[in-house]
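> Below are the sequence and a predicted model; questions follow.
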Amino acid sequence: AQSVTQLDSHVSVSEGTPVLLRCNYSSSYSPSLFWYVQHPNKGLQLLLKYTSAATLVKGINGFEAEFKKSETSFHLTKPSAHMSDAAEYFCVVTRNAGGTSYGKLTFGQGTILTVHP
Amino acid sequence: NAGVTQTPKFQVLKTGQSMTLQCAQDMNHNSMYWYRQDPGMGLRLIYYSASEGTTDKGEVPNGYNVSRLNKREFSLRLESAAPSQTSVYFCASSYDRYEQYFGPGTRLTVT
């Protein structure tokens, strides 16, 4: 079994300040973890992924996330927010290898990021 | 290269009506998926197709059927729509089990 908890439903930052979106996961298996972004009325786009290689993962648009097994966390960060970062962000977990849960992504509830000028 | 396309973009149905949501991908992906998105619940998997010719239930399959028509196309059918099926529906595809590419979504309202 696997689950994801995004600790904040809304995060508000000023442009140019750091972004932190928090995600904790639970998995009976070795997990793969992802962050997806969804801009208003759009589909989802992959920001970055962790699949058991380096624990610090860099993604598009300056985002990065660190896999911390001891804390079962995969928080998303960005040093300096931009207005275009305003969107909803989803943390996602799936089984890393083997088993019958092929391709089954489990989504968190989402975090809406607001960026103020 | 259009990626994942979905039709229609919007639909309003009355309770009991039926409809089919269409999805196509041009990336030669093996796997395709249907999700529904409801406020505060993230995306939930309805059905998926790991490869052409196979389909499997996801987390919330009740009230839906799917057809993997060929490698490119994966349709979702609502036989008798209910208000609880009001949602945004996303189709996705993937080459491997990890990175999924999403379509723009279909907004369905059932009155």
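Thanks, I have it.
> State the number of residues packed around the residue in chain A positioned nearest to chain B.
Distances from chain A to chain B, computed as CB to the nearest CB, single out residue A:107 as the nearest residue at 3.3 Å. C-beta: built from backbone N, CA, C; applies to glycine. For residue A:107, the neighbour count with other CB atoms under 10 Å in any protein chain shown is 23.
> Equivalent analysis for residue A:5, please.
Per other CB under 10 Å, the neighbour tally for residue A:5 reads 14.
> Might you report the residue contacts of residue B:10?
Remark: with contacts taken as CB atoms under 8 Å, 6 or more residues apart in numbering or on different chains, residue B:10 is in contact with B:106-108.
> Looking at these, spot the one nearest residue B:36.
Top of the list for closeness to residue B:36, among the contacts of residue B:10 and by CB to CB, is residue B:108 at 8.9 Å.
> so what's the nearest residue to residue B:18 once chain neighbours are set aside up against?
In this structure, residue B:18 finds its nearest non-sequential neighbour in residue B:79, 5.2 Å apart by CB to CB, 6 or more residues apart in numbering or on different chains. Neighbour list for residue B:79: B:18, B:63, B:65 [criterion: CB under 8 Å, 6+ apart].
> State the distance from residue B:79 to residue B:19.
From residue B:79 over to residue B:19 the distance is 9 Å, taken as CB to CB, to the nearest Å.
> Poorly predicted segments of the chain, please.
Because you didn't say which chain, this covers chain A. When residues are selected by pLDDT under 70, those of chain A lie in A:96-103.
> try chain B instead
B:1, B:97-98.
> So which residues on it come close to chain A?
For chain B, the contact set with chain A under CB under 8 Å from any CB of the partner chain comprises B:4, B:31, B:33, B:40-45, B:48, B:50, B:58, B:90, B:92, B:94, B:97-105.
> show me what contacts residue A:39?
Residues near residue A:39 by CB under 8 Å, 6+ apart: A:45, A:87.
> what's the answer for residue B:72, then?
Residues counted as contacts of residue B:72 (CB under 8 Å, 6+ apart) are B:24-26.
> Counting neighbours, which of those comes out on top?
Greatest neighbour count in the contacts of residue B:72, by other CB under 10 Å, goes to residue B:25: 22 neighbours.
> Please identify which helix or strand holds the nearest residue to it once chain neighbours are set aside.
Closest residue to residue B:25 in three dimensions, ignoring its sequence neighbours and counting by CB to CB, 6+ apart: residue B:93, at 4.1 Å. If you go by DSSP states H and E, residue B:93 is part of strand B:87-94.
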